[in-house]
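> model the structure of this input:
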Amino acid sequence: MPILPGLTYTLSSLAYAAAIGLLSMGLTLTYLTTKIPNFAHATIGMIGSVVMLILIDRIFYDSNSWLIFLLGPIAGGAAAAAFGVLMYRAILKPLADRGNSVIGLMIATLAVDIILLNILTLILNLMPGEHIPKLIGANVVGFQPKIRVAGIVVDSYTIVLPITALVLTTLFHLFLTRTSFGVAMRATIENPDLASAMGVNVSLVYTVSWALSGFLAGAAGALMAFAFKGVDPAVSALVIVTVFAGSIVGGLTSVYWGLIGGIVVGLAEKLGTTIINNLYRTLLVPGLGLPNISLVNYEKVMSLGLVIMVLLYAPQGLAGVDWGRILRKIKSVKGGR
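Numbering: from 1, shown residues only. Purely as a prediction, here's the structure:
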């Protein structure tokens, strides 16, 4: 058994990591602005998956068109953004204005998560499919054009998702650095009281942050639909664990480090678990006579173990690590050889 996974699995792992990175970036954004840990974030991302499934059933069932990779994330992101704004303005902001603590707001997001999960499940169960008989649990892997990479035919989403993550991150960076509203958002993140005193509409900034967070989640969820064995909103219960792990590993102090933390955790779950499984079955099973079991289903152990390691040795996450010092040490060691 080879230790390193093949190209197809590696590309799908990179796509998964890119999606988790986008979700973690969005979760970090709303935490930085409103200080609310949003446990409904992964289910908001599932809105994008549901939209993608409906688009495939009603429009793209027979087309196999590349247009699905443009329309799906935009429509799914827009729907998730709208829900994010509704959730903040109708529930979280009124609760915060009434003096509820962060714990109370966090519990409110759990309640919203359960309600939204049931609504999405009902939609997929009750909506009659035009081409797909049963929408709940439908597999959409085959409804996409194929692409050849290094002589191997792979699913297009494995290439499109990382590219989409790069494009959205670039656009988000330009928004934060090149627009007056983006600068106002950065100022609000740094010091909301000072930003308000300078004339920034902090309430609007908070609302926009929830819209942007929802859009990132919905766009990622739309493309993640191709990675699921079946589109079922219940999947979000597992995804949210990874998303929070990515945000914590990133440090919860920067949206960019949230993205990086999500990518690191996503790769650890997929590639890391697979490599450990291959090492175990190749070296330890025959050598020590251990049970020949598969470890690939224990990927959450990898992500949560990574969170514990980060909290123990880098409490501020990857953002708090002095990377310059580490690089200088590496250079000094190389120079001394």
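
> how close does Leu267 get to Val205?
For Leu267, the distance to Val205 (C-beta to C-beta, to the nearest Å) stands at 32 Å. Glycine gets a C-beta too; all of them are placed from N, C-alpha and C.

> how about Leu70?
Separation of Leu70 from Val205 (C-beta to C-beta) stands at 29 Å.

> higher neighbour count, those two?
Val205 (22 against 12; other C-beta atoms under 10 Å).

> count the neighbours of the closest residue to the more buried one other than its chain neighbours for me.
Distances taken as C-beta to C-beta, 6 or more residues apart in numbering put Thr188 closest to Val205, at 4.5 Å, once the chain neighbours are dropped. Thr188: 26 surrounding residues under other C-beta under 10 Å.

> likewise Ala138?
20.

> and if you look at Val264?
Neighbours around Val264, by other C-beta under 10 Å: 24.

> same question for Leu284.
Counted with other C-beta under 10 Å, Leu284 comes out at 13.

> look at the closest residue to it other than its chain neighbours and give its secondary structure.
Excluding its sequence neighbours, the residue lying closest to Leu284 (C-beta to C-beta, 6+ apart) is Leu290, at 5.3 Å. At Leu290 the chain is in coil, as set by DSSP: H, G, I helix; E, B strand; the rest coil.

> start the count at 553, not 1, going forward
Right, with 553 as the first residue, what we last looked at is Leu842.

> for Leu842, give me the pLDDT.
Reported pLDDT at Leu842 in the predicted model: 84.

> tally of neighbours for it?
A total of 12 residues lie near Leu842 under the criterion other C-beta under 10 Å.

> please apply the same query to Val712.
Val712, neighbours per other C-beta under 10 Å, totals 23.

> show me where this structure has strands.
Taking DSSP state E to define them, one finds strands in the chain at 698-701, 704-707.

> output the contacting helices and strands for the first one.
This points to strand 698-701. Counting contacts by 3 or more C-beta pairs under 8 Å, 6 or more residues apart in numbering; DSSP states H and E, strand 698-701 is packed against strand 704-707.

> quick one: contacts of the strand it packs on?
Applying C-beta atoms under 8 Å, 6 or more residues apart in numbering, the external contacts of strand 704-707 come out as 559-560, 563-564, 693, 696, 698-700, 778.
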